[in-house]
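Novice: Fold the following.
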Amino acid sequence: MIDEIDRTILRILQKDARTSNADIARKVKMAPSGILSRLRKLEESGVIERHETRVNAKAAGRGLTAFTFVHAQEAVGSTKTGQKLASIAGVQEVHYTAGTAAYLLKLRVADTEALADILSHIGNIPTVRDTNSVIVLRTIHETSEIPIETQPKKKP
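Specialist: Predicted coordinates:
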């Protein structure tokens, strides 16, 4: 069970994963050893999956973002096509969806020529019927943070 201290730790780390145990301890008024113990428990339980660095896509030469719906011809519930899609360089996210398209992809590429290349690669997967892409002109808001709300108190 995650308590309010764990929620505070998670909010701090989502803002800056490089925050030291000592700094977290000061913010939550605990000993650093207690913070380390809580972090280990959050990792072991799978609440914290991994620590990663967020790279600026444009600075890394992948300034064009596109969302692509992929219609696939595979058994209901099968995600084999999704696994193949996930292995393609430039495919940042693969979501198995309900609706007319089986998958929604987030692609990060250099330019429209690179987008055409990746769509061609996607189209070469035998189970892919067709794709429909939307190119992002400007990103207004993007985050990987998960909201960590304070749990409402239960009424007696």
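
Novice: which ones are touching the most centrally placed residue in the chain?
Specialist: Geometric centre of the chain, nearest residue: Ser144, 5.8 Å, by CA atoms, centre = their mean. Applying CB atoms under 8 Å, 6 or more residues apart in numbering to Ser144 gives the contacts Arg54. (C-beta placed from N, C-alpha, C; glycine too.)

Novice: so which helix or strand takes in it?
Specialist: If you go by DSSP states H and E, Ser144 is not part of any helix or strand.

Novice: Run through the strands of the chain in chain order.
Specialist: Counting by DSSP state E, the chain has strands at residues 64-72, 91-96, 103-109, 128-135.

Novice: can I see the domain layout of the chain?
Specialist: Residue ranges for the domains of the chain, per automatic domain parsing: 4-44, 64-135.

Novice: just to revisit the earlier point, most packed of the strands of the chain?
Specialist: strand 103-109 (a mean of 21; mean count of other CB atoms under 10 Å).

Novice: orientation of that strand relative to strand 91-96 in degrees?
Specialist: Relative orientation of strand 103-109 and strand 91-96, computed by axes from the mean of the first three to the mean of the last three CA atoms, to 10 degrees: 180 degrees.

Novice: Pull the residues that contact strand 103-109.
Specialist: For strand 103-109, contacts defined as CB under 8 Å, 6+ apart pick out 57, 62, 64-70, 72, 81-82, 85, 90-97, 115, 117-118, 122, 133.

Novice: Run through the residues that contact Ala114.
Specialist: Residues in contact with Ala114 (CB under 8 Å, 6+ apart) are Leu64, Gly90.

Novice: Now do it against Ala72, distance only.
Specialist: Distance of Ala114 to Ala72, computed by CB to CB, to the nearest Å: 23 Å.
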